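Enquirer: got a structure for you, letters missing:
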């Protein structure tokens, strides 16, 4: 979501002031930090980064320095107090107002802040998306109304607000006209999407995906991040009847212990989670299921952690984002007692990551020798002489090929496995 927002910030400033990106901070007229507060120490990292650009402000007083995103929403005016050389503060829902904030700062000489939640206005005010490759993000909803006890998102991004279906499809058609073939739908709880229709009815995510899949030029659809409570039968059915839906689902579970899941206020049990996966795999036996885990939630016992490890064995996750629990200011979990040592938590996290890595490698090894349909995303990060693309099940594969293939779908034979990536070669003519 922050990647998407950063792209939109660049689009807004490009459309309003002709501003273009630079890789050199010393050349910049505007320096913006788009922040995330999901994990601990995010706030301190922001102030550390701000300290590094302060000399640029002293050397060039007209330089505009801004802080946006969830840390801005969470910290508000305290950012000005700790870093008085900051010019503008904006929240995730007010990035479209940046040109006005910057103009007001320049005109008045006073710091400007807007961290309000103006609901859908943000999307109505954004310029048409411009992309350079064949894949694109489309945000279809904002905010979260689940209030998990560990999570700060409802407080920094507001309640769940969905974009009308026609607005989303306008973006999709524009992207398809630019040659985009793969769309990733974004939302804090994307499968809670409830977009207005012109007739007064409401479209769920399943309806939206079917509509997108019918759009000429769109060849693959993904969505993230999902909440198990919103994984409806209609969404599950898509894996059986919508071939353009990617063969991958990221479905955060967080923990395998029912006691901890209840303390997290997640709203499901481990058995209910496994039931969802079982229904999906009945329709797509080879689907890649990835997840998020929080290790060391307050009061997590050895038995609780073993329940998480059992869930990993039962589900056979393909990959995960796994972190130590971070207490977030203002959340209920931050007030919970916790007597588990840091060393114990780190040992658990290491064990969990090791097992997930083993499962990921085993899945990758099964792909060796197969031919995969790959969306070519750009030049490889590992070797600028090669290309990098993404398979249907969300694996990155590096292979030799001409740059003009970027943005296209090609057939690639998988030759070998390396850490978190694959190696391949073009299969047949392109």
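Expert: On my side now, so go ahead. Source: prediction; values computed, not measured.

Enquirer: so which strand or helix has residue 104?
Expert: helix 98-108 (DSSP states H and E).

Enquirer: cool, and residue 138?
Expert: Per DSSP H and E: strand 135-139 holds residue 138.

Enquirer: what's that strand packed up against?
Expert: helix 2-17, helix 165-177, strand 182-186 (3 or more C-beta pairs under 8 Å, 6 or more residues apart in numbering; DSSP states H and E). All C-beta spots, glycine's among them, are computed from the backbone N, C-alpha and C.

Enquirer: next structured bit after it?
Expert: Proceeding N to C from strand 135-139, the next assigned helix or strand is strand 141-142, under DSSP H and E.

Enquirer: need the residues that contact that following strand.
Expert: 92-93, 122, 157-158, 160-163, 187-190, 192-193, 195 (C-beta atoms under 8 Å, 6 or more residues apart in numbering).

Enquirer: now do 6 Å
Expert: Strand 141-142 has contacts (C-beta atoms under 6 Å, 6 or more residues apart in numbering) with 157, 161, 162, 187, 193.

Enquirer: distance to residue 178, neighbour count and secondary structure added to these, as JSON lines?
Expert: Shown next, in JSON lines, are those (distance: C-beta to C-beta, whole Å; neighbours: other C-beta atoms under 10 Å; DSSP: H, G, I helix; E, B strand; the rest coil):
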{"residue": "157", "distance to residue 178": "28", "neighbour count": "22", "secondary structure": "helix"}
{"residue": "161", "distance to residue 178": "26", "neighbour count": "20", "secondary structure": "strand"}
{"residue": "162", "distance to residue 178": "24", "neighbour count": "24", "secondary structure": "strand"}
{"residue": "187", "distance to residue 178": "22", "neighbour count": "26", "secondary structure": "coil"}
{"residue": "193", "distance to residue 178": "23", "neighbour count": "26", "secondary structure": "coil"}
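
Enquirer: now, the most widely separated pair of those?
Expert: Greatest spacing in these, by C-beta to C-beta: 157 and 193 (15.2 Å).

Enquirer: work out for me the element the closest residue to residue 153 other than its chain neighbours sits within.
Expert: Once flanking residues are discounted, residue 153 sits nearest to residue 144: 4.7 Å by C-beta to C-beta, 6 or more residues apart in numbering. Assigned by DSSP H and E, residue 144 belongs to no helix or strand.

Enquirer: give me the number of residues near residue 144?
Expert: Neighbourhood size, residue 144 [other C-beta atoms under 10 Å]: 23.

Enquirer: just checking, it touches residue 189?
Expert: Yes. Taking contacts as C-beta atoms under 6 Å, residue 144 lies within contact range of residue 189: 5.5 Å.

Enquirer: which residues of the stretch 301-430 of the chain fall in helices?
Expert: Shown for the stretch 301-430 of the chain, the helices assigned by DSSP state H, counting those that start in this stretch span residues 302-315, 342-367.

Enquirer: now the ones you listed as CSV including mean neighbour count, distance to residue 176 and mean pLDDT?
Expert: Below are the helices of the stretch 301-430 of the chain laid out as CSV (neighbours: other C-beta atoms under 10 Å; distance: least, C-beta to C-beta, whole Å; pLDDT from 0 to 100):
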stretch, mean neighbour count, distance to residue 176, mean pLDDT
helix 302-315, 17, 35, 98
helix 342-367, 15, 29, 97
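
Enquirer: how about the ones you listed in JSON lines, adding distance to residue 261?
Expert: Conversion of the helices of the stretch 301-430 of the chain to JSON lines gives the following (distance: least, C-beta to C-beta, whole Å):
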{"stretch": "helix 302-315", "distance to residue 261": "9"}
{"stretch": "helix 342-367", "distance to residue 261": "16"}
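
Enquirer: just the buried positions in the helix-or-strand element of the chain with minimal mean pLDDT, please.
Expert: Every helix and strand of the chain was ranked by mean pLDDT, DSSP states H and E. The lowest is helix 121-125, at a mean of 72. Residues of helix 121-125 classed as buried: 122, 123 (neighbour count, 16 or more other C-beta atoms under 10 Å).

Enquirer: swap in stretch 205-218?
Expert: Within stretch 205-218, the residues scored as buried using 16+ other C-beta under 10 Å are 205, 206, 207, 208, 209, 210, 212, 213, 215, 218.

Enquirer: the second one in helix, strand or coil?
Expert: Right, residue 206. Judged by DSSP: H, G, I helix; E, B strand; the rest coil, the three-state class of residue 206 is helix.

Enquirer: residue 25 versus that one, what's the distance?
Expert: From residue 206 across to residue 25, the span is 44 Å (C-beta to C-beta, to the nearest Å).

Enquirer: coming back round to it: which one of the contacts of strand 141-142 is nearest to residue 112?
Expert: Of those, the one sitting nearest to residue 112 (C-beta to C-beta) turns out to be residue 157, at 20.5 Å.

Enquirer: which pLDDT does the model give the closest one?
Expert: Residue 157 carries a pLDDT score of 84 in this model.

Enquirer: that one and residue 94 touch, don't they?
Expert: No. Residue 157 is beyond contact range of residue 94, at 11.2 Å (criterion: C-beta under 6 Å).

Enquirer: for this structure, give me the ranges with low pLDDT.
Expert: Within the chain, the stretches with pLDDT under 70 are 40, 119-120, 125, 129-130, 429-430.

Enquirer: what sits against residue 112?
Expert: Contacts of residue 112 by C-beta under 6 Å, 6+ apart are 88, 101, 104, 105.

Enquirer: export those residues as CSV, with columns for neighbour count.
Expert: CSV is the format used below for these (neighbours: other C-beta atoms under 10 Å):
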residue, neighbour count
88, 24
101, 22
104, 17
105, 17
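
Enquirer: of all the residues you listed, which two lie farthest apart?
Expert: 88 and 104 (8.5 Å).

Enquirer: residues near residue 179, how many?
Expert: Residue 179 has 13 neighbours, counted by other C-beta under 10 Å.

Enquirer: ok, and the closest non-adjacent residue to it?
Expert: Nearest to residue 179 is residue 407, by C-beta to C-beta, 6+ apart, at 5.6 Å.

Enquirer: next one: that neighbour from residue 414, what distance?
Expert: 21 Å.

Enquirer: settle it for me: which of the two has more neighbours?
Expert: The neighbour comparison of residue 407 against residue 414 (other C-beta under 10 Å) goes to residue 414, with 24 against 19.
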